[in-house]
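# Using only what follows, build the 3D model:
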Amino acid sequence: MLILITGANRGLGLALAKTALERGHTVLAGVRSLERADRLRELQAVSSDQIVLLQLDVQDEESIRQAAAKIEQDYGKLDVIINNAAILIGRDSKLEELDIGLVEESMDVNLYGPMRVVKHMLPLVHKNGKGCILNISSEAGSFHNAYGGDYPYALSKAALNYFTQQLHKDLSSKGIRALAVHPGWMRTDMGGSSAHLDPMETAAALLDLLESKKEAETEPFAFVDYTGRAFPI
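Okay, here's the model as predicted:
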C-alpha cells in the first residue's frame, strides 16, 4: 500500500512509518519541516526505495496542495491517508483563564488540518477505487469520557470525530473506509513517560486494521480504539 502519514517525524507517526516499512508498504512521510526529520532520514538510509519525505504543514493549504500534486505525478493514486499531526496545548488552563487563541490554534491543527489534507488527497484515493482515511483522535473527544479540562484538545478531537463520521457516511458506499481512532495512552512527547502503551504496539494494531487483518466496528459510529473495537462516542 501507498500510505501518507502526517506528523511522521516523531511519536506515533514515526512508529507508524517504521511499522509500515517493515511490512513492505511505501510511506509518504509528511513533515512540517524537512530540517527536523533526522529520524526519518535514518529510515530512508535503510529503505530509500520505500519512503519519501514530503514537506507538508497541515496549517498551510498550499504545502498540502503541492504534496498532493507530487504524489499524483509520481504515483497517480493513494491508498491510505493517516491524519496523525496534532497539538496538545493549554491543558493546564482553567476555563476562566483560557486563552481562546489556543482553542483556535488547536482547531486549526487538529480539525482543519485533517480537513485540508482530505480535501486535496481524497481525489487520489478515489483514483485507487478503494482505500482508507484514518484520523488519529482521542478518548478526550468522546462525550462518554468527557472531563473538565483540556478544552482546546478535547473540543478539537470531538469535532474530528464528527468530521470522520461525515466521511464514513459519504465514502463507505464508494469503497473508502473512514475511521477515527483512539490510539491509547502512549509513551510519546504528548502522552508522557507514565503511559502504559509503547507507540509501536499501537502502530502494529493500526496496520492490522489497514491491512484488514482485523475488521473495525464502525457501527453506529466510525470511532474505534486502536484494536478496532467500537469506542463510546
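
# rest of the way, CA atoms for contacts and neighbours
Fine.

# Could you list the low-confidence segments of the chain?
For the chain, applying pLDDT under 70 flags the ranges 189-193, 195.

# Residue most distant from the centroid, it?
Distance from the C-alpha centroid of the chain peaks at Glu96, with 30.9 Å (Cα atoms, centre = their mean).

# quick one: secondary structure of it?
For Glu96, the assignment made with DSSP: H, G, I helix; E, B strand; the rest coil gives helix.

# do you know how far it is from Gly141?
According to Cα to Cα, to the nearest Å, Glu96 and Gly141 sit 21 Å apart.

# try Leu2
Leu2 is 29 Å from Gly141, by Cα to Cα.

# With Leu43 instead?
33 Å.

# Between these two, which is the more surrounded one?
Gly141 (23 against 16; other Cα atoms under 10 Å).

# my guess is the more buried one contacts Ala158, does it?
Yes. Using Cα atoms under 8 Å, Gly141 is in contact with Ala158, at 3.9 Å.

# Ile82 belongs to a helix, doesn't it?
No. Checked against three-state DSSP, Ile82 lies outside a helix; its state is strand.

# who touches it in this structure?
Taking Cα atoms under 8 Å, 6 or more residues apart in numbering as the criterion, Ile82 is in contact with 3-6, 133-136.

# Of those residues, which belong to strands?
3-6, 133-136 (DSSP state E).

# Give the burial count for Glu139, as a bare number.
23.

# Also Leu95?
Leu95, neighbours per other Cα under 10 Å, totals 13.

# Please tell me how far the residue nearest to Ala37 when sequence neighbours are not counted sits from Ala29.
In space, and not counting its chain neighbours, Ala37 is closest to Asn9: 5.6 Å by Cα to Cα, 6 or more residues apart in numbering. Relative to Ala29, Asn9 is positioned 8 Å away (Cα to Cα).

# Mutual contacts of these two, please.
Between them, Asn9 and Ala29 share the contacting residues Leu40, judged by Cα under 8 Å, 6+ apart.

# Could I have the CA atoms of stretch 165-183 written out in CSV?
Written as CSV, here are the backbone C-alpha positions of stretch 165-183 (Å, rounded to 0.1, in the frame of the first residue of the first chain):
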residue,chain,number,x,y,z
GLN,A,165,-18.4,10.2,10.8
GLN,A,166,-19.4,12.5,7.9
LEU,A,167,-16.7,11.0,5.8
HIS,A,168,-17.8,7.5,6.8
LYS,A,169,-21.4,8.2,5.7
ASP,A,170,-20.2,9.8,2.4
LEU,A,171,-17.5,7.4,1.3
SER,A,172,-18.3,3.9,2.6
SER,A,173,-20.5,3.2,-0.4
LYS,A,174,-17.6,4.1,-2.7
GLY,A,175,-15.3,1.6,-1.1
ILE,A,176,-13.4,4.0,1.1
ARG,A,177,-13.2,3.5,4.8
ALA,A,178,-13.0,6.4,7.3
LEU,A,179,-12.1,5.8,10.9
ALA,A,180,-11.4,8.0,13.9
VAL,A,181,-9.1,6.1,16.3
HIS,A,182,-8.4,6.4,19.9
PRO,A,183,-4.8,5.2,19.9
